[in-house]
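Visitor: Provided below are the primary sequence and the corresponding predicted coordinates.
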Amino acid sequence: MKRSLAIVVLSLGIARAAVAGVLPEDRADVLLHSYDGGGVTIQGPSLLVRKQFAQKFSVSANHYIDRVSSASIDVVTTASPYNEERTQQSVGFDYLHDRWMMNVGFTNSEENDYTAETFSFGVSQDIFGDLTTVSLGYSLGNDVVGRRGDATFREDVERQHYRLGLSQILTKNLLLGLSFESITDEGFLNNPYRQVRYVDTTTPQGYSYEREVYPRTRTSDAGALRLRYYMPYRAAVHAEYRKYSDTWAINADTFEIGYTHPIDAGWTIEGKFRSYSQTKADFYDDLFPRSRFQNFMARDKELSTFSSQTIRLGASYDIVRGGWKFIERGTLNVIVDHMMFDYEDFRDLRVTGGVAGSEPFYSFDANVIQLFASFWF
Amino acid sequence: MTAPRYLWLVRAAVFAAAVVAVSGCAIEPWVKPYERDHLADPIMTFDRDPVSSSYTGHVYEAREGARGATGAAGGGCGCN
């Protein structure tokens, strides 16, 4: 979890893609989230408020909490279940000038053994009769990694994101989105708790553990193409493909299709299917032949070869139609994602009694629920 | 040395800057502003609920090796 945490913080810091020409809407959202799968439950709220002023500026603030209770496969096989909380705060500022939009943002994330701070900057412009929006962005993140029970442990990570985006009106019913992002990391990139296993015939189970060691640099490139089409009736379909590769030899493909359909009496329903697959990092192995077999060693299942599928169902209901006092519109929303993970070279060590390295491959399902209310004012 | 890996990004940025530089040239929009009512419908927004899409991105990034290029690439259809 720690490995990806700062990445997540960075991505949240840049999540609001620049849209030139029009300031974002004044809006407040209150979200409750719940993740339950693989022995891990994560719950908490997210509050997001955005307000324009002087018709040129927009400010936003987000307060987000993860309350984690973890008895994951890693934890039950090599450590003890734990509880922890992460709190994240973000602020953003947008400035609109003619067809130019500039945005700056800052995000801070705190938990008992990890701190992350991210500055982001972006510009965008509408061009070609507002048919095209081009955006450029940069983020700089600095993390401090600690380790519970070891007050002397302190490591740093620096992360830089470079982004390029383009959205294009192709026809009066079809939108195209292209985005590219290059990320460089430097510093302590592995989890300070996770361990690798290696063959050890002196033990009853046939293997032992030692700390994992990652390279101190990583550079990744990702490119995505998105299409959104307005149906002959009032509904939209969307499709997406993303290609990813990095210097750790991970290659990944993501496909997604979805459908959004407003129906009578203020309801909108949506469905989505997403498929993800990746190859392993070149220093990943489920069982190394011996201790210190190579310079870099990982047994993080997020760096293994695996695939996952997600099925989403969602519904939204307009609760304030026609306005009420200062609120122009309001919705209640529920989104349920069912995720299925299948690992191809990460074995389930809860199954014992056989030869080391012959355990069944691990798999698990997770359910993710989002309940949120949104108000436009 | 990893610099050449993101040379493409530098090239892309230069290309984007060039596109912006020539955007003052008169190009007739092939979809007129009054033809964009479908595109202005909230169901056509790439990122309809930012609070939800940020959370969804968080869930994926925490469990997958891949990262980046997850956000909507704008959506400025000039139709408001």
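Guide: All right, it came through fine. Residues are numbered from 1 along each chain as shown, chains lettered A, B, ... in the order given.
Visitor: and residue A:362, what is it in contact with?
Guide: Applying Cβ atoms under 8 Å, 6 or more residues apart in numbering or on different chains, we find residue A:362 in contact with A:73, A:301, A:343, A:346-348. C-beta here means a position set from N, CA and C on the backbone, and glycine is covered the same way.
Visitor: so where's the chain shaky on pLDDT?
Guide: You didn't pick a chain, so chain A it is. Counting by pLDDT under 70, chain A contains low-confidence residues at A:1-20.
Visitor: nope, chain B please
Guide: Along chain B, the model assigns pLDDT under 70 to residues B:1-9, B:16, B:19-27, B:71-80.
Visitor: mind running it again at 80?
Guide: Across chain B, the ranges flagged by pLDDT under 80 are B:1-28, B:71-80.
Visitor: circling back: restricted to buried residues, select the contacts of residue A:362 in PyMOL.
Guide: Here is the PyMOL command that selects the buried residues among the contacts of residue A:362 (16 or more other Cβ atoms under 10 Å in any protein chain shown):
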select buried, chain A and resi 73+301+343+346+347
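Visitor: Show me the contacts of residue A:362 that map onto strands.
Guide: A:343, A:346-347 (DSSP state E).
Visitor: any chance of those residues in a markdown table, plus distance to chain B?
Guide: Listed next are those as a markdown table, based on distance: Cβ to the nearest Cβ, whole Å:
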| residue | distance to chain B |
| --- | --- |
| A:343 | 11 |
| A:346 | 12 |
| A:347 | 18 |
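Visitor: Could you measure from residue A:247 over to chain B?
Guide: Relative to chain B, residue A:247 is positioned 6 Å away (Cβ to the nearest Cβ, to the nearest Å).
Visitor: Can you name the residues bridging to the residue lying closest to that residue once chain neighbours are set aside?
Guide: Take residue A:247 and drop its neighbours on the chain: the residue closest to it by Cβ to Cβ, 6 or more residues apart in numbering or on different chains is residue A:219, 4.8 Å away. Per DSSP bridges, the residues bridged to residue A:219 are residue A:184.
Visitor: Residue A:28 now?
Guide: Beta bridges link residue A:28 to residue A:49, residue A:375 when assigned by DSSP bridges.
Visitor: what about it, neighbour count?
Guide: Residue A:28 has 17 neighbours, counted by other Cβ atoms under 10 Å in any protein chain shown.
Visitor: Same check on residue A:170?
Guide: Using other Cβ under 10 Å as the criterion, residue A:170 is surrounded by 14 other residues.
Visitor: The closest residue to it other than its chain neighbours: which element?
Guide: Spatial nearest neighbour of residue A:170, chain neighbours left out: residue A:176 (5.3 Å); criterion: Cβ to Cβ, 6+ apart. For residue A:176, the host element (DSSP states H and E) is strand A:174-187.
Visitor: List the buried residues of that strand.
Guide: By 16+ other Cβ under 10 Å, the buried positions in strand A:174-187 come out as A:174-185, A:187.
Visitor: Of the residues you listed, which is the nearest to residue B:10?
Guide: Of all those, residue B:10 sits closest to residue A:182, with 9.5 Å by Cβ to Cβ.
Visitor: Surely that closest one touches residue B:69?
Guide: No: the pair residue A:182 / residue B:69 is not scored as a contact, 9.3 Å apart, by Cβ atoms under 8 Å.
Visitor: Would you mind listing the residues touching both of these two?
Guide: Residues touching both residue A:182 and residue B:69 (Cβ under 8 Å, 6+ apart) are residue A:222.
Visitor: Which helix or which strand is home to residue B:12?
Guide: Using DSSP H and E, residue B:12 sits in helix B:7-21.
Visitor: can you check residue A:76 too?
Guide: Assigned by DSSP H and E, residue A:76 belongs to helix A:73-78.
Visitor: Whichever helix or strand comes after that helix pairs with which strands?
Guide: Downstream of helix A:73-78, the first helix or strand assigned by DSSP H and E is strand A:82-97. Sheet pairing of strand A:82-97 (DSSP bridges) gives strand A:57-70 (antiparallel), strand A:100-111 (antiparallel).
Visitor: pretty sure residue A:205 is in a helix, no?
Guide: No: per DSSP: H, G, I helix; E, B strand; the rest coil, residue A:205 lies outside any helix segment and is coil.
Visitor: correct me, but it touches residue A:356?
Guide: Yes: shown here, residue A:205 and residue A:356 form a contact pair, counting by Cβ under 8 Å, at 6.4 Å.
Visitor: what about these two, which has more around it?
Guide: Set residue A:205 next to residue A:356 and count neighbours by other Cβ under 10 Å: residue A:356 wins out with 20 against 13.
Visitor: does residue A:73 really touch residue A:302, like I thought?
Guide: No: in this structure, residue A:73 is not within contact of residue A:302 by Cβ under 8 Å, at 11.9 Å.
Visitor: Just grab the bridge partners of the residue nearest to residue A:170 for me.
Guide: Applying DSSP bridges, one finds that residue A:176 bridges with residue A:168, residue A:227.
Visitor: just to revisit the earlier point, export the strand holding residue A:176 to CSV, keeping only CA atoms.
Guide: C-alpha atoms of strand A:174-187 as CSV (Å, rounded to 0.1, in the frame of the first residue of the first chain):
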residue,chain,number,x,y,z
LEU,A,174,-18.4,12.4,-30.7
LEU,A,175,-15.6,13.5,-28.4
LEU,A,176,-12.0,12.3,-28.4
GLY,A,177,-9.6,12.6,-25.5
LEU,A,178,-5.8,11.9,-25.6
SER,A,179,-3.5,12.0,-22.6
PHE,A,180,0.1,11.2,-22.1
GLU,A,181,2.0,11.1,-18.8
SER,A,182,5.6,10.5,-18.0
ILE,A,183,6.6,10.0,-14.4
THR,A,184,10.1,9.8,-12.8
ASP,A,185,10.7,8.6,-9.2
GLU,A,186,13.9,8.8,-7.3
GLY,A,187,14.6,7.6,-3.8
